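K.L.:
Model the following, please.
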Amino acid sequence: MTVTLKAVGEKGSEAPCHYQSLAMRVIKVMRTASVAWLLGVVPLLYAETLAAHPKPPEIHQSSGVRYVSGGIGREAMQQMQAIADQFNVRLMFQDPSEGTPISGVTLILVNEKGKRLLRLVTDGPLVYLKLPHGRYYLTVIYQDADHQQWITAEAEPMDLTFLFNLIYLEKSWLHARTRTPQLATPT
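P.N.:
Purely as a prediction, here's the structure:
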């Protein structure tokens, strides 16, 4: 079908004016629809891109110690492993019975002179530290268990895995991916 549009006021039939306003409406509707489609699709594409490429782990610094904590989920674990060679002390926390990764571990690092350099609660099962060469006293605490030991940081990377037996409720919480029930404190 071919439609010829004539300018308004052109001599001839009254149809051109009707077709022109119809064409303008169609164009306006198409523009509105395309803008609505873009506004709906672009955020989804951006969210999909973010999900495919999560934010890399953030490296922090405290008292001359560079550190990073994370590794929850496959992508985060891969990102942590990708930067592992930048650090000379690499810690991992897990349950020995099933190898379940553990986060929320309190880590305290003290130098030979007794000065506390770092205290943090882990954001995942991996913590990487970049320490100047020397001896350090490391304490890691999870639930009612703690490990304490001297470590010597050198140029050659050191990998340490700390094993904590999870309490029964905590195991259920990790597998169910729900929060552990909190009981009211008696007053």
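K.L.:
can you map out the helices along the chain?
P.N.:
Using DSSP state H, the helices found in the chain span residues 15-52, 74-83, 168-176.
K.L.:
Looking at the longest one now, give me its mean pLDDT.
P.N.:
pLDDT averaged over helix 15-52 equals 64, rounded to a whole number.
K.L.:
Make residue 1 into 39 and carry on from there
P.N.:
Taking 39 as the first residue, the last one we looked at is helix 53-90.
K.L.:
for the protein, which spans come out with low pLDDT?
P.N.:
Applying pLDDT under 70 to the chain picks out residues 39-58, 71-92, 206-225.
K.L.:
what domains does the record give for it?
P.N.:
The record's domain parsing of the chain by automatic domain parsing lists 52-91, 98-214.
K.L.:
Pull the contacting residues for the nearest residue to L129 once chain neighbours are set aside.
P.N.:
Distance criterion Cβ to Cβ, 6 or more residues apart in numbering; nearest residue to L129, sequence neighbours excluded, is V165 at 4.5 Å. Yep, even glycine has a C-beta here, placed from its N, CA and C like the rest. Applying Cβ atoms under 8 Å, 6 or more residues apart in numbering to V165 gives the contacts 105-107, 128-129, 131, 143, 145, 158.
K.L.:
Against L201, how distant is V165?
P.N.:
For V165, the distance to L201 equals 15 Å [Cβ to Cβ, to the nearest Å].
K.L.:
swap in M130?
P.N.:
From M130 to L201 the distance is 9 Å (Cβ to Cβ).
K.L.:
likewise T70?
P.N.:
For T70, the distance to L201 - Cβ to Cβ - is 61 Å.
K.L.:
ditto for I140
P.N.:
Applying Cβ to Cβ to I140 and L201 gives a distance of 9 Å.
K.L.:
shared neighbours of these two, anything?
P.N.:
When contacts are counted by Cβ under 8 Å, 6+ apart, I140 and L201 are jointly contacted by 132-133.
K.L.:
Compare neighbour counts for these two and give me the winner.
P.N.:
I140 (20 against 15; other Cβ atoms under 10 Å).
K.L.:
Assess the claim that that one and F202 are in contact.
P.N.:
Yes - if you go by Cβ atoms under 8 Å, I140 and F202 touch, sitting 5.8 Å apart.
K.L.:
Show me whatever sits in contact with both of the two.
P.N.:
Counting by Cβ under 8 Å, 6+ apart, the residues touching both I140 and F202 are 131-133, 180.
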